[in-house]
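Peer 1: Prediction below, plus the sequence it came from.
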Amino acid sequence: MNTAKEYTIRPACFEDARAMARLIDIAGEGIPNLLWSNMAEPGQSALDVGQARVSRDVGGFSYRNALVAEAEGLVVGMMLGYIVEQPDEEINQDPANLPDLAWPFVALEQQSAGTYYIDALAVLPGWRRCGVGSRLLVAAEQRARGLGVTNMSIQHLAHNKDAVKLCSRIGYQFSAQSPVLSQTYQPYYSGDVELLFKPL
């Protein structure tokens, strides 16, 4: 691991929303961009949609629930996490309200009730293997303890070997999985999404 590069971990702010949207898309390996594209209004890009969603002051998917790694004014990594409340019965009873591609991820998140859930974790390519992801996860655990939470949860795509190694090294253990629903458009995923837990 190369730890020579200098960076700081800090709470995200409103101005970080666009950089966060880019990193969230990296974390989701293109799936967020696809979902945001389907939500875009005329003249609005997928990234615009992602930025608008992250810019919100309320809800789990907000910059207020994120930490970023910053180096020389550039956001090089981020963690978006929050406490998952009780399962949403409306979602469980009518999954048709969700895009097919989102359903496996939402279904697993529903199993994370009561935990501090890492919704997205990503680091820019040039900053990987510098300890950024590990430090963001440790900082997330500190946040969770401060909120009185005793369990962490995170998801990753099973084929992402770097994510698998990182989560295993930090102490996360496999809990459940769900297949990514096949689709006829890019990105063409055919593997599983895995849910992992870690007690604090």
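Peer 2: On my side now, so go ahead. In this text, all values refer to a predicted model and were calculated from it rather than measured experimentally.

Peer 1: Can you get me a residue count around S178?
Peer 2: Taking other C-beta atoms under 10 Å as the criterion, the count of residues near S178 is 17. No exception for glycine: its C-beta is placed from N, CA and C like everyone else's.

Peer 1: what's V68 in contact with, if anything?
Peer 2: Under the criterion of C-beta atoms under 8 Å, 6 or more residues apart in numbering, the contact list for V68 reads I9, R10, P11, A12, D16, A19, M20, V75, G77, M78, M79.

Peer 1: What residues does I26 make contact with?
Peer 2: A122, L124.

Peer 1: S134 now?
Peer 2: Contacts of S134 by C-beta under 8 Å, 6+ apart are L166, R169, I170.

Peer 1: Restricted to helices, list these.
Peer 2: Under the assignment DSSP state H, the contacts of S134 contribute L166, R169, I170 to helices.

Peer 1: show me what contacts the first one?
Peer 2: Taking C-beta under 8 Å, 6+ apart as the definition of contact, the neighbours of L166 are G133, S134, L137.

Peer 1: separation between it and R128?
Peer 2: For L166, the distance to R128 equals 10 Å [C-beta to C-beta, to the nearest Å].

Peer 1: after the lowest-mean-pLDDT helix or strand in the chain comes which helix or strand?
Peer 2: Here the helix or strand of the chain ranked lowest by mean pLDDT, DSSP states H and E is helix 89-93, holding a mean of 50. Under the assignment DSSP states H and E, the closest C-terminal helix or strand after helix 89-93 is helix 103-110.

Peer 1: other SSEs contacting that following helix?
Peer 2: Here helix 103-110 touches helix 89-93, strand 151-157, strand 173-179, strand 192-199, going by 3 or more C-beta pairs under 8 Å, 6 or more residues apart in numbering; DSSP states H and E.
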